[in-house]
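J.: Sharing a model prediction with you, sequence too.
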Amino acid sequence: MYVNCLFVVLFKTAKKPKGTAPEFFKPLKKVEVVEGSAAKLECWVHGKPEPSIEWFKDDEPVKSSKRIKTYFDSEVCRLTISDTVADDEGEYKCVATNEHGTASSSAEVLVNEAIVMPEFKEKMKHIEVIEGDTARFDVQVLGNPKPVTEWSKGGKVITDGGRFKTVLSEDGDLHSLLIENVSMDDFGSYKCVVSNEAGRMQCSARLEVKERQIAPEFSDEYGDSPIEINEGDELKINVTIQGNPRPDVEWYKDDRPLKRTSRVNLSARGNKFGITIFSVVPEDSGIYKCVAKSAAGTTTKSFQVNIEGKSSIVCLALTRFSMLSFVNLFTYKSSLLKKNYICDIS
């Protein structure tokens, strides 16, 4: 006897997990901020089960900190950056992941430099220069955009050229005004105005110019030969002395100061100085010295003075007169005797 059996085999297929892969229904948008302000990136995502969220900047994970915070409430994904800096600029990406898949949204963050009114980190300082030297005013300025400068004196703008030169450092912070070969006319108050689209600032300082000091110097009016005059004559020694400031002059004879007397006259007019001694005597012979002194230095010039006394001149004159008389007398007598004589007078 045969029995018919029917076997029913049931295959149970594995159930797929219920849910959906993450999907961004409100993606990130580009954010542009000014440096120092806050930046916020926000996107909306859904998925079941709730996805996990990660943030990346330029493909590097973003770490939360005091400045950088992240937030997620099942749908809203948010990243905030307080007090932004230039390094915060870049490509940001939000990645949502669950067991059904992964999705991402990206956007760029631009951080622009803040517009900052010009500010003097270092103002002009009063300066004092010597005539002929170069004067320099400096200011150090901060601001964004980089401020431009305008220099002026007495309300008149100084243009770059000739003796006046404006200089800007490589980093654009140090601005300088140079005045070459300064003259006495350059003294006065100078002003610097710095400006950008945020505003303007100004400062000023004075330039004092001192005359250049030049050490006293004698013009070569006398050579090295002695000054020789006769007793009773007038001794005059005149010199020209250049220098700034005008030097004080003193006269000496044999290293002893000469003073003004009835016989000695000392003169000074401009840069010309002199000494006059009336009715000189042999005792006035010696070494006369002119000493010129100023804050710039000291210089000296010496003169050898020789005075020939009258007594020697009279004796010489008498000697010559006696010799001539003797010769005349001898010649007369010789002619009477009609004889030739030789007279040797030495």
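T.: Alright, I've got the coordinates.

J.: quick one: the residue nearest the centre of the chain from Leu207, how far?
T.: Residue closest to the average C-alpha location in the chain (CA atoms, centre = their mean): Arg136, at 4.1 Å. Distance of Arg136 to Leu207, given as CB to CB, to the nearest Å: 10 Å. (Glycine included, C-beta is placed from N, CA and C.)

J.: So, low pLDDT: which residues of this protein?
T.: Across the chain, the ranges flagged by pLDDT under 70 are 1-17, 311-346.

J.: Can you list the buried residues in stretch 256-263?
T.: The neighbour-count check on stretch 256-263 (16 or more other CB atoms under 10 Å) flags Leu258 as buried.

J.: Span of that stretch from start to end?
T.: Stretch 256-263 has an end-to-end distance of 16 Å (criterion: CA to CA, to the nearest Å).

J.: likewise stretch 145-162?
T.: 29 Å.

J.: Equivalent analysis for stretch 20-39, please.
T.: End-to-end distance of stretch 20-39 (CA to CA): 31 Å.

J.: Run the chain-centre distance for that stretch.
T.: Mean-position distance between stretch 20-39 and its chain equals 52 Å (CA atoms, centre = their mean, to the nearest Å).

J.: which residues sit against that stretch?
T.: Residues from elsewhere that reach stretch 20-39, judged by CB atoms under 8 Å, 6 or more residues apart in numbering: 40-48, 51, 80-86, 88, 92-94, 96-98, 100-115.

J.: still on that earlier bit, and the residue nearest to the centre of the chain, how far from Val209?
T.: As judged by CB to CB, Arg136 and Val209 stand 13 Å apart.

J.: Run me through the strand neighbours of the one helix or strand the residue nearest to the centre of the chain maps to, direction for each.
T.: Element membership of Arg136, judged by DSSP states H and E, is strand 135-144. Its sheet considered, strand 135-144 pairs with strand 116-122 (antiparallel), strand 174-179 (antiparallel) by DSSP bridges.

J.: For the following helix or strand past the last one, which outside residues touch it?
T.: So that's strand 174-179. Remark: after strand 174-179, the chain's next helix or strand is strand 188-196, criterion DSSP H and E. When contacts are defined by CB under 8 Å, 6+ apart, strand 188-196 is touched by residues 115, 117-118, 120, 124, 137, 139, 141, 143-154, 158, 175, 177, 200-207.

J.: now Tyr288: how far from Lys301?
T.: With the distance defined as CB to CB, Tyr288 ends up 9 Å from Lys301.

J.: So between the two, which is more surrounded?
T.: Between Tyr288 and Lys301, counted using other CB atoms under 10 Å, the more crowded position is Tyr288 (21 against 18).

J.: Report the contact partners of the nearest residue to that one once chain neighbours are set aside.
T.: Excluding its sequence neighbours, the residue lying closest to Tyr288 (CB to CB, 6 or more residues apart in numbering) is Phe303, at 4.6 Å. Residues in contact with Phe303, defined by CB under 8 Å, 6+ apart, are 222, 226-227, 237, 287-290.

J.: Now flag whichever of those is closest to Glu250.
T.: Cys290 (7.7 Å; CB to CB).

J.: Tell me the bridge partners for that closest one.
T.: Taking DSSP bridges as the rule, Cys290 bridges to Trp251, Lys301.

J.: Neighbours of it, how many?
T.: Neighbours around Cys290, by other CB under 10 Å: 22.

J.: tell me the contacts of it?
T.: Cys290 touches 218, 237, 239, 249-252, 273, 275, 300-303, counting by CB under 8 Å, 6+ apart.

J.: Give me the domain ranges for the chain.
T.: Following the assignment in automatic domain parsing, the chain carries domains at 20-112, 116-210, 214-310.

J.: still on that earlier bit, for my notes, confirm the residue nearest to Tyr288 occurs in a strand.
T.: Yes: under DSSP: H, G, I helix; E, B strand; the rest coil, Phe303 falls within a strand.

J.: How much space separates it from Lys48?
T.: 120 Å.

J.: Now, the contacts of stretch 20-39 that are in strands?
T.: 40-48, 80-81, 92-94, 96-98, 101-112 (DSSP state E).

J.: If we go by neighbour counts, what in stretch 96-111 is buried?
T.: 96-98, 100, 103-105, 107, 109, 111.

J.: quick one: Ser106 and Gly90 touch, right?
T.: No: between Ser106 and Gly90 there is no contact under CB atoms under 8 Å: 10.6 Å.

J.: Give me the residues contacting stretch 116-132.
T.: Residues outside stretch 116-132 that contact it (CB under 8 Å, 6+ apart): 135-144, 147, 173, 181-184, 190, 192, 194-196, 198-201, 203-213.

J.: in the stretch 201-346 of the chain, which spans are helices?
T.: Secondary structure of the stretch 201-346 of the chain (DSSP state H, counting those that start in this stretch): helices at 310-337.

J.: need the strands for it, in chain order.
T.: Shown for the stretch 201-346 of the chain, the strands assigned by DSSP state E, counting those that start in this stretch span residues 214-218, 227-230, 235-244, 248-253, 256-257, 264-269, 272-277, 286-294, 297-308.
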